[in-house]
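Student: below are the sequence and a predicted model; questions follow.
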Amino acid sequence: MAQVILKHNPSLTKENLHALLSSHFVQKGYEVEFTSLIGADIVIKKSGWTGVSIKLKQKSDSTFLRIGGYAPSMAVRLLLYGLILYIILLPKWKALEKEVVDFISSGDLV
């Protein structure tokens, strides 16, 4: 799980973050959606196998994002539950995490 610490920005909302991520990742063919997953606000789906969840955290003196890989497809999670899923998909999740972190780090949020 990656963590990106941003300049303190209390005006950054889930909606603003969603719009920023959508402007970049949708044109690459990814899906950017709000989610009801526990511990996540937004998900970016590259495929049913590869995605990342993003949680925006605002504290009194800091703003940061937690980014973690996961399998967006419920069928994939059920079929390959457990260690096998992580062994196969972890490199792909890490690559997508890095892509998201690199975009955020090079953008206006940091």
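Tutor: Great, that's in hand.
Student: so Gly68 belongs to a strand, correct?
Tutor: Yes. Counting by DSSP: H, G, I helix; E, B strand; the rest coil, Gly68 is part of a strand.
Student: that one: what's it in contact with?
Tutor: The contact partners of Gly68, by CB atoms under 8 Å, 6 or more residues apart in numbering, come to 1-2, 40, 52-53, 93, 97. Any C-beta I mention is one placed from the backbone N, CA and C, and that applies to glycine too.
Student: check which helices and strands the lowest-mean-pLDDT helix or strand in the chain is in contact with.
Tutor: Sorting the helices and strands of the chain by mean pLDDT, DSSP states H and E puts helix 74-79 at the bottom, at a mean of 76. Applying 3 or more CB pairs under 8 Å, 6 or more residues apart in numbering; DSSP states H and E, we find helix 74-79 packed against no helix or strand.
Student: ok, then the element right after it?
Tutor: helix 83-106 (DSSP states H and E).
Student: buried set for that following helix?
Tutor: For helix 83-106, the buried set under the neighbour-count rule, 16 or more other CB atoms under 10 Å, comprises 85, 89, 92-93, 96-97, 99-101, 103-104.
Student: for the contacts of Gly68, which one is nearest Lys14?
Tutor: In terms of CB to CB, no member of the contacts of Gly68 lies closer to Lys14 than Ala40, at 10.3 Å.
Student: sec struct for the closest one, please.
Tutor: Applying three-state DSSP: Ala40 is coil.
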